[in-house]
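**Student:** just the structure for this:
(2 chains)
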2 protein chains.
Amino acid sequence: MQLTQAHRDALHDILRWRRDVRHFLPDPIAPDVLGRLRAAMDMAPSVGNARPWRVMQVETPGLRTEIIANFEAANAKAAGIYDDAKRSRYNALKLAGLREAPVHLAIFTETDPDAGHGLGRQSMPEMLTYSTVAAIYTLWLAARAENIGVGWVSILDADAVARTLGAPDHWRLTGYLCLGTAAQDDDTPLLHRNDWQENTPTDWQVV
Amino acid sequence: MQLTQAHRDALHDILRWRRDVRHFLPDPIAPDVLGRLRAAMDMAPSVGNARPWRVMQVETPGLRTEIIANFEAANAKAAGIYDDAKRSRYNALKLAGLREAPVHLAIFTETDPDAGHGLGRQSMPEMLTYSTVAAIYTLWLAARAENIGVGWVSILDADAVARTLGAPDHWRLTGYLCLGTAAQDDDTPLLHRNDWQENTPTDWQVV
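**Tutor:** Model prediction:
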């Protein structure tokens, strides 16, 4: 299929207005929208067509409470690397929307799948996890196109999340996502906006 | 910005018609197209806004020759895991278009960037590499929208690629990409089409 300027313009809008969202409205996400996000993941690239991502939608309040406690402990520990001035700036940032977001998704990688028969991952076994990252990002872009915000929470003890959720031994947590309606739209990353880290252009050299 | 059904339809086309391409036409890629792909990467998500991806566009013929030899050695080694019947099927697959693709990109992760000030990667340091994976996939989707195919070559000794290209010590290879015009369009993964691994739907459970 020959894609057109309209496709390029639409992708540009989606990329430009995709943000890592930490401020959510509590509105629920309609089941048909979630269904379309799940279907979008089926189109993600994966090494050897192994499709190693495994999704747990976390609804049980007690499980969410454990995840929030996990985040708070990891965040307090992370703050410890900064000097006093930087730490007070760090602590002023809102880095997750776990309490407000209507949908939580824990996304794991099956680390020893039969699917794919090992193709493409003998010399770079990390390709399995990279496939899951691509699936997460596929969901993220599809969500933005549905006007649903996604926040990727990486300030977590990943092994403890897996234990909390009772994941099989061979599943490793790749990403924990909050989904919901963003409290505001922005075309600029929050960490640029609040002077934590400015945007920089891609470093590209020819050799 | 409120995105529309037109955005969702365009994204669906891009996702559905994106393939991992191993069969390229030799036509060059126009510099303005490559420039737009580079600009698209600037919009990729990254942990702490650290933007740790570093791109080397490999043009020197001697360097490409070394990369091809690297692939061929890694591929011969990978074939060794299969029994005779499976190995002959493996060897019949074309797993890279390194000889024909007009553009080669080696994409590294800066493993200790100042940018981002460590935010979001204390408990999951792998988030830096995941950011690079998202940047690669951003380029891949933007390329497909420009009717340029991308093939991700993972059957490589990654450390040897970094040595061949003279990458700094703190850069690690995340992905090696071939770009060019695809020899044919397809909405189905080649590994499904040729019965290596069928497509399977995303595993999604509620807990």
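
**Student:** which SS class is residue A:163?
**Tutor:** When the structure is reduced to helix, strand and coil (DSSP: H, G, I helix; E, B strand; the rest coil), residue A:163 reads as helix.

**Student:** which strand or helix spans the spatially closest residue to residue A:158 that is not a sequence neighbour?
**Tutor:** Using C-beta to C-beta, 6 or more residues apart in numbering or on different chains and skipping the chain neighbours, the partner closest in space to residue A:158 is residue A:173 (4.1 Å). Every C-beta, even on glycine, is put in place using the N, C-alpha and C of the backbone. Under the criterion of DSSP states H and E, residue A:173 resides in strand A:171-180.

**Student:** centre of the chain to that strand, how far?
**Tutor:** Between the mean C-alpha point of strand A:171-180 and the mean C-alpha point of its chain there is a distance of 6 Å (C-alpha atoms, centre = their mean, to the nearest Å).

**Student:** check contacts around the residue nearest to residue A:158.
**Tutor:** Under the criterion of C-beta atoms under 8 Å, 6 or more residues apart in numbering or on different chains, the contact partners of residue A:173 comprise A:106, A:107, A:108, A:156, A:158, A:159, A:161, A:162, A:167.

**Student:** likewise for residue A:154?
**Tutor:** A:175, A:176, B:47, B:120, B:121, B:123, B:124, B:127.

**Student:** ok, now which ones touch the residue of chain A found nearest chain B?
**Tutor:** Of the residues in chain A, the one nearest chain B is residue A:10, at a distance of 3.4 Å by C-beta to the nearest C-beta. Counting by C-beta under 8 Å, 6+ apart, residue A:10 touches B:6, B:7, B:9, B:10, B:11.

**Student:** reformat the contacts of residue A:173 as JSON lines; add pLDDT and neighbour count.
**Tutor:** Rendered in JSON lines, the data for the contacts of residue A:173 read as follows (pLDDT from 0 to 100; neighbours: other C-beta atoms under 10 Å in any protein chain shown):
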{"residue": "A:106", "pLDDT": "98", "neighbour count": "26"}
{"residue": "A:107", "pLDDT": "98", "neighbour count": "23"}
{"residue": "A:108", "pLDDT": "98", "neighbour count": "26"}
{"residue": "A:156", "pLDDT": "98", "neighbour count": "22"}
{"residue": "A:158", "pLDDT": "98", "neighbour count": "20"}
{"residue": "A:159", "pLDDT": "98", "neighbour count": "11"}
{"residue": "A:161", "pLDDT": "98", "neighbour count": "23"}
{"residue": "A:162", "pLDDT": "98", "neighbour count": "18"}
{"residue": "A:167", "pLDDT": "98", "neighbour count": "18"}
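
**Student:** can you flag which of those belong to helices?
**Tutor:** With DSSP state H as the criterion, helices contain A:158, A:159, A:161, A:162 from among the contacts of residue A:173.

**Student:** how about residue A:75, nearest residue that isn't a chain neighbour?
**Tutor:** Of all residues apart from its sequence neighbours, residue A:155 sits closest to residue A:75 (C-beta to C-beta, 6+ apart), at 5.0 Å.

**Student:** what's the neighbour count on residue A:43?
**Tutor:** Counted by other C-beta atoms under 10 Å in any protein chain shown, the residues lying close to residue A:43 total 20.

**Student:** ok, it touching residue B:16?
**Tutor:** Yes - in this structure, residue A:43 is within contact of residue B:16 by C-beta atoms under 8 Å, at 5.9 Å.

**Student:** before we move on, the earlier item: of all the ones in helices among the contacts of residue A:173, which comes closest to residue A:84?
**Tutor:** Within these, the smallest distance to residue A:84 is 28.8 Å, found for residue A:158 (C-beta to C-beta).

**Student:** residue contacts, that closest one?
**Tutor:** By C-beta under 8 Å, 6+ apart, residue A:158 lies in contact with A:172, A:173, B:123, B:124.

**Student:** switch the cut-off to 10 Å
**Tutor:** Residues touching residue A:158, when contacts are defined by C-beta atoms under 10 Å, 6 or more residues apart in numbering or on different chains, comprise A:70, A:74, A:106, A:108, A:172, A:173, A:174, A:175, A:176, B:123, B:124, B:126.

**Student:** which of the residues you listed lies closest to residue A:22?
**Tutor:** residue A:176 (13.0 Å).

**Student:** now do the contacts for the nearest residue to residue A:111 once chain neighbours are set aside.
**Tutor:** Of all residues not flanking residue A:111 in the chain, residue A:170 sits nearest, at 5.1 Å (C-beta to C-beta, 6+ apart). Contacts for residue A:170 were tallied using C-beta under 10 Å, 6+ apart; they are A:54, A:108, A:109, A:110, A:111, A:112, A:113.

**Student:** understood, closing this out.
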